[in-house]
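Student: give me coordinates for this.
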Amino acid sequence: QVQLVESGGGLVQAGDSLRLSCAASGSTFRTYVMAWFRQAPGKEREFVAVISLSGASTFCADSVKGRFTISRDNAKNTVYLQMNSLKPEDTAIYYCAASLRFGVNPTNFGSWGRGTQVTVSS
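Tutor: A predicted model of the protein is given here:
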């Protein structure tokens with residue numbers, strides 16, 4: 001398994017931008033599909049975005065499409081989530097996760113970070 005550590009969260013105002021980073025340990029990062037999920041208080045964890053091994057393929061949830069972009073740098077063992085035009089409903093703990101399969105189901109992701117809090121005020 002790969003160890004994941006998220007960073008970049010914080011408190012911002014509606015309309016602002018944030019970039020989350022997720023650093024992975026080990027030399028096998030490029031063999032994992034990477035994704036971001038989020039969980040708001042009182043809600044289930046939900047899919048945000050996923051990226052393929054090379055970064056050539058990405059897919060985002062409808063709720064963030066056009067505002068969030070997932071990318072990865074395999075040389076730096078890091079995956080990013082650029083979040084623009086943030087809304088109060090984006091407030092959640094954001095988790096990165098690693099899987100051997102491309103998909104959106106959290107049960108397919110065997111490695112998870114501890115999360116980073118994003119709070120968007122109105």
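Student: neighbouring strands - and their directions - for the helix or strand Val79 falls within?
Tutor: Secondary structure assigned from DSSP states H and E places Val79 in strand 78-83. Using DSSP bridges, the strands paired with strand 78-83 in its sheet are strand 18-24 (antiparallel), strand 68-73 (antiparallel).
Student: quick one: buried residues of it?
Tutor: Going by neighbour count (16 or more other CB atoms under 10 Å), the buried part of strand 78-83 is Thr78, Val79, Tyr80, Leu81, Met83. No exception for glycine: its C-beta is placed from N, CA and C like everyone else's.
Student: ok, the fourth one - contacts?
Tutor: Under the criterion of CB atoms under 8 Å, 6 or more residues apart in numbering, the contact partners of Leu81 comprise Arg19, Leu20, Cys22, Trp36, Val48, Ala49, Phe68, Thr69, Ile70, Tyr94, Cys96.
Student: quick one: which of those residues is most hemmed in?
Tutor: Cys96 (30 neighbours; other CB atoms under 10 Å).
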